[in-house]
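Peer 1: Fold the following.
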Amino acid sequence: MSDMGSHNFPAARPLPSTDEEEVVPSVATHAPSSTPKRSEGHQIGEVIEIAGSGSRIVMDAAVLASLSDHPDKTITMAGQVGSQVKIRVGQTWLLANIRTQKLHERQSGLILAEIDFLGEGDEERLTGHIYNFRRGVTRYPVPGSVIYAVTTADLKQVYASDGRANVEIGTVYPTDDIRGALYVDAMLGKHFALLGSTGTGKSTSAALILHKICDIAPEGHILMIDPHGEYSAAFKTNGRLFDVNNLNLPYWLMNFREHCEVFVQSTGDAKQMDCDILAKCLLAAKAKSQAAAGVAKLTVDSPVPYLLSDLTNIIQNEMGKLDKSTNTAPFMRLKTKIDEIKADPRYSFMFSGMLVGDTMADFLAKIFRLPAEGKPISIIDVSAIPSEITPTVVAVLSRLVFDYSIWAKNEPSRPILLVCEEAHRYIPNDDIAGESSVRDILSRIAKEGRKYGVSLGLITQRPSDLAEGVLSQCGTILSMRLNNDRDQAFVKAAMPEGARGFLDSIPALRNREIICCGEGVAIPIRVSLDTLVEERRPASEDPLFSELWRDNGGEEEIIQRVIKRWRSQGR
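Peer 2: Numbers count the residues shown, from 1 in each chain. Okay, here's the model as predicted:
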């Protein structure tokens, strides 16, 4: 098959068959070296079937083999799964991605492939190259249209920035010089998800992307939930770092549901009774606050300072009003739990007596970076927070982001990006956990956040454990290697059709390789990520056992220092 332009394949050897549906137009085969090289490029096949979002094509294996040592690496990849091909339609080029391929069953030397259409671009008259590429297809090819190999020059035009703000994160595979970029506004405007199994470089990739965004937006507003304390090391110079020692999250910023998660431990009918008592007493405690004087409609959800001692005294007084026949157990349960939390030093970051003042404005300013002052990201290290209250803390922080954006809708816009590492912990599906405030608020942000200028970034190693529908709300999917079949299937269901050919290569990705698809890129791309300098990397490196197990000395001092931190519950 050397002259594909003739659409004449007499030398391809047909095998006996009576099925006329699969008969492919025969192609004349000459030596591979005589493949015509017009301005359009290398002809490698033709269209045999057209469908709405994709089509089927036939390619000549000999021609593809002849291109395997071509100096242009993009042309070398021609015909492979995940590579692109182009089809001329009038004065435009249609770009498609190869999703599957197999040998033709009855004609040797031919390869059948399925393709997904990606978009179209105009043809440069002198060179035949693509320019002004855009998503979507306005005019389809017809069966018999010639398939051409895409060149590096074509891809440079396809991936070229169209003037929109973007951040370059690596090099497009398999090229050496085409930079892979993410369109910041499109990616953040419709949320994004970063996925990848443990050990694939997910944390470093997240740090790389956030650093790039911080570099172009030094007055941005980013809040990151860090469950392992990894990212403080990465953002020492351009971010504010918070943990149990300096977070100082006022307990009265919790809404009523979050109060119930912390103070109410009963279940069933008893839980409802405890919640009713807490609602009445909490409203009374808030009403005693001076800050409540200017609030026209005070509710149990109003973020108004109150004293925990006032709350316990009101509960005690309400219990004293009961006659002897009334059960006092609900009041005692609430009072005992509140006193327990007040006395526990592990909760001092939130329930300290020093947090009774009206510090709401200062707290929001420091964690939302308003103003940023050149440090646009807040890292909230929740690794040392007691596990039983961590979901509530994340719920409060997430809800504050959303509520602030709602009530600031008529103010000058200050969009906020909320990044949630280990997202499957906080937005689990129904099979793993029931209702929770953190799950509901993050799900709501995923569905409604963009209307109010709140962007959500989810980072997880188990996308299949996420609540149903959350991943589909992410307009940009950034996927590293996923080893679990269930996770792979889950991601495929959430990705656009044009990316299906790329998705099949997810299990075969190398470390620090990533597939980007969705709103944040012009077309789906596979990128080899840039290397971060040491001081910008998170503390997530795997230990080198073979080296570390050769070291010794100082073990006694190490143990003493660890025990001291352990007992004081501090880092």
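
Peer 1: what about the protein, any weak spots by pLDDT?
Peer 2: Counting by pLDDT under 70, the chain shows low-confidence ranges at 1-40, 52-53, 128, 161, 323-326, 433, 496-501, 569-571.

Peer 1: Can you report how many residues neighbour residue 567?
Peer 2: Close neighbours of residue 567, defined as other Cβ atoms under 10 Å, add up to 8. (C-beta placed from N, C-alpha, C; glycine too.)

Peer 1: how near is it to residue 560?
Peer 2: Plainly put, residue 567 is 11 Å away from residue 560 if you go by Cβ to Cβ, to the nearest Å.

Peer 1: Spatially central, which residue of this structure would that be?
Peer 2: The residue lying closest to the centre of the chain (Cα atoms, centre = their mean) is residue 193, at 1.3 Å.

Peer 1: which residue ranges form the strands in the stretch 51-200 of the chain?
Peer 2: Remark: strands assigned in the stretch 51-200 of the chain by DSSP state E, counting those that start in this stretch are 54-60, 84-89, 92-103, 110-123, 130-135, 146-149, 166-172, 179-183, 192-195.

Peer 1: Is it correct that residue 197 is in contact with residue 461?
Peer 2: Yes: taking Cβ atoms under 8 Å as the definition, residue 197 is a contact partner of residue 461 at 5.6 Å.

Peer 1: Can you pick out the residue with more neighbours from the two?
Peer 2: Using other Cβ under 10 Å as the criterion, residue 197 and residue 461 rank with residue 461 on top: 22 against 17.

Peer 1: ok, that one - contacts?
Peer 2: By Cβ atoms under 8 Å, 6 or more residues apart in numbering, the residues touching residue 461 are 195, 196, 197, 198, 202, 422, 424.

Peer 1: Name the member of those residues with the most neighbours.
Peer 2: In terms of neighbour count, residue 195 stands highest of the contacts of residue 461 at 30 neighbours, by other Cβ under 10 Å.

Peer 1: quick one: that residue and residue 101, what's the gap?
Peer 2: Taken as Cβ to Cβ, the span from residue 195 to residue 101 is 26 Å.

Peer 1: And residue 387, by the same measure?
Peer 2: Distance, residue 387 to residue 101, by Cβ to Cβ: 49 Å.

Peer 1: Tell me which of the strands of the stretch 51-200 of the chain lies nearest to residue 220.
Peer 2: Smallest distance to residue 220 across the strands of the stretch 51-200 of the chain (Cβ to Cβ): 12.0 Å, for strand 166-172.

Peer 1: Just checking: what are the partner strands of the closest one?
Peer 2: Partner strands and pairing direction for strand 166-172 (DSSP bridges) are strand 179-183 (antiparallel), strand 525-529 (antiparallel).

Peer 1: could I get the ones you listed as a markdown table with distance to residue 295 and mean neighbour count?
Peer 2: Compiled in a markdown table, the strands paired with strand 166-172 are given as follows (distance: least, Cβ to Cβ, whole Å; neighbours: other Cβ atoms under 10 Å):
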| stretch | distance to residue 295 | mean neighbour count |
| --- | --- | --- |
| strand 179-183 | 42 | 22 |
| strand 525-529 | 50 | 21 |
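
Peer 1: Same list (those strands) but as a markdown table, adding distance to residue 339.
Peer 2: Compiled in a markdown table, these are given as follows (distance: least, Cβ to Cβ, whole Å):
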| stretch | distance to residue 339 |
| --- | --- |
| strand 179-183 | 50 |
| strand 525-529 | 51 |
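
Peer 1: Nearest to residue 303, out of those strands?
Peer 2: With Cβ to Cβ as the measure, strand 179-183 is the member of the strands paired with strand 166-172 nearest residue 303 (35.3 Å).

Peer 1: can you pull the contacts of residue 164?
Peer 2: Residue 164 touches 183, 184, 185, 186, counting by Cβ under 8 Å, 6+ apart.

Peer 1: Farthest pair within these?
Peer 2: Spanning the widest gap among the contacts of residue 164 are 184 and 186, at 7.5 Å by Cβ to Cβ.

Peer 1: Find residues that contact each of these two.
Peer 2: By Cβ under 8 Å, 6+ apart, residue 184 and residue 186 have these common neighbours: 164, 520.

Peer 1: what residues does stretch 247-257 touch?
Peer 2: 262, 278-279, 282, 286, 300-301, 303-306, 308, 349-352, 354-356, 359-360, 363, 380, 392-393, 396-397, 399-400, 437.

Peer 1: hmm, try it at 6 Å
Peer 2: 300, 301, 303, 305, 306, 349, 350, 351, 355, 396, 437 (Cβ atoms under 6 Å, 6 or more residues apart in numbering).

Peer 1: Report the backbone C-alpha coordinates of it in CSV.
Peer 2: Extracted C-alpha coordinates of stretch 247-257, given in CSV (Å, rounded to 0.1, in the frame of the first residue of the first chain):
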residue,chain,number,x,y,z
LEU,A,247,-4.8,27.2,63.4
ASN,A,248,-6.9,28.6,66.2
LEU,A,249,-10.2,27.6,64.7
PRO,A,250,-13.0,29.1,66.8
TYR,A,251,-15.6,26.5,67.9
TRP,A,252,-18.5,28.9,67.4
LEU,A,253,-17.9,29.0,63.7
MET,A,254,-19.5,25.5,63.5
ASN,A,255,-23.1,25.4,62.3
PHE,A,256,-25.7,23.4,64.2
ARG,A,257,-25.1,20.2,62.3
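
Peer 1: Name the residues of that stretch that are buried.
Peer 2: Residues 247, 248, 249, 250, 251, 252, 253, 254, 255, 256, 257 are the ones in stretch 247-257 that count as buried (16 or more other Cβ atoms under 10 Å).

Peer 1: Good, we can wrap up now.
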